[in-house]
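Asker: I'd like to go over a predicted model; first the sequence, then the structure.
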Amino acid sequence: MTGRAGPAACAMLALWAGLAPGAAASACRQALALGLDVSGSVDAREYRLQIHGVADALSDPRVRQALLSMPETPVRLLVYEWSGSEDQAIILPWTAIDTAPALDAAIETLRATRRREASPGTALGVAMTRGAALLATQNDCWRRTLDLSGDGKSNFGPRPRDVKDALVAAGNVTINALAIGVDNPATGDIRQAEIAELSSYFRAEVILGPGAFVHTALGFEDYARALAEKLLRELDGIVLSRLDAAPQ
C-alpha cells in the first residue's frame, strides 16, 4: 500500500484485515440507509422537495465522487419512508453504488417516486428500529449508518430514547439525524418553531454511535443542500489507499 493512512483509514484497514480470505472483494465499505419523514406534518409540496432533494443531493458532483471513489468496495444505499407505526415503506432497495449508471438509476427511481397513502403519526422510535433492522442485513459492510430526516418530535409508538437504549446494547450501528426547520413560522405552521429545539431533541433522543451528529435544514427548500453536506460528512474518512495485496 502506498501513502500514509489517517486514523479513520487505519480503523477501516484493521477491520478489512480481519476478514476471511476473499471476503474483501464482496464487501461494501458502508451500508447507508436514508429514512425520510412522510408523516402528517409533511404536505405534498414538502414531500416533493424532500424526495427530489435526496435525488439532487446524490447528483451533487462532490457526493457522486465520494460514492464512486472505491467501486471495488462500494457503498450500498437504501431509502425508506416512515410515518406511523405501520407505515414504513422501502422506495429504493439495497443498491450497490459501484458505477455511475447504478447511481443514475437510483436517482431516477427516487425522482419517479410518488407519494403513497400513510397515517399522519410520527413514530420516530419505529423508524429507528426499522432502519437498524434493514442495516443488520448488511453484515459484510465495514460501516452501517442510518440517516434519519425529520421535522418534528415523535408522537406515536415507542419513545426514541427507549429504542435508542436497545440499539446501543445491540451495537454496530450509527444513527445520524437531519432536523428540518419550519419553512416560514409566520404562515402559522405549528411544527417546531425553533430549529435549535428540534436539533437538541434529536441529539438527546435519537442519534447514537461514535461520531454521531445532527445536521440541520432551514426548511424543505434547504433540504437538498443540507443532505448533500450530511452525506459528505458521513462518507468522509472511509476512502482508503489502494491495497496492493489480498489478506493472507
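Answerer: Yes, it's here.

Asker: tell me the secondary structure for the residue minimising distance to the centre of the chain?
Answerer: Centroid check for the chain by C-alpha atoms, centre = their mean gives D147 as the closest residue, at 2.5 Å. Recorded secondary structure, D147: strand (DSSP: H, G, I helix; E, B strand; the rest coil).

Asker: Name the residues linked to the nearest residue to it once chain neighbours are set aside by a beta bridge.
Answerer: Excluding its sequence neighbours, the residue lying closest to D147 (C-beta to C-beta, 6 or more residues apart in numbering) is L34, at 4.9 Å. The C-beta positions use only the backbone N, C-alpha and C, and glycine is treated the same way. Listed by DSSP bridges, the beta-bridge partners for L34 are V79, D147.

Asker: With T174 instead?
Answerer: Counting by DSSP bridges, T174 is bridged to T145.

Asker: What's the separation between it and V79?
Answerer: 17 Å (C-beta to C-beta, to the nearest Å).

Asker: which residues does the residue nearest to D147 contact?
Answerer: Applying C-beta atoms under 8 Å, 6 or more residues apart in numbering, we find L34 in contact with 54, 77-80, 147, 149.

Asker: for this protein, what spans make up the strands?
Answerer: With DSSP state E as the criterion, the chain has strands at 30-37, 75-82, 88-97, 144-150, 174-180, 214-217.

Asker: Just put those strands in JSON lines and tack on mean pLDDT and distance to V206.
Answerer: What follows is the strands of the chain, written out as JSON lines (pLDDT from 0 to 100; distance: least, C-beta to C-beta, whole Å):
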{"stretch": "strand 30-37", "mean pLDDT": "96", "distance to V206": "11"}
{"stretch": "strand 75-82", "mean pLDDT": "97", "distance to V206": "12"}
{"stretch": "strand 88-97", "mean pLDDT": "96", "distance to V206": "16"}
{"stretch": "strand 144-150", "mean pLDDT": "96", "distance to V206": "7"}
{"stretch": "strand 174-180", "mean pLDDT": "96", "distance to V206": "5"}
{"stretch": "strand 214-217", "mean pLDDT": "95", "distance to V206": "8"}
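
Asker: mind putting those strands in JSON lines, distance to R115 included?
Answerer: Shown next, in JSON lines, are those (distance: least, C-beta to C-beta, whole Å):
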{"stretch": "strand 30-37", "distance to R115": "11"}
{"stretch": "strand 75-82", "distance to R115": "9"}
{"stretch": "strand 88-97", "distance to R115": "10"}
{"stretch": "strand 144-150", "distance to R115": "15"}
{"stretch": "strand 174-180", "distance to R115": "17"}
{"stretch": "strand 214-217", "distance to R115": "19"}
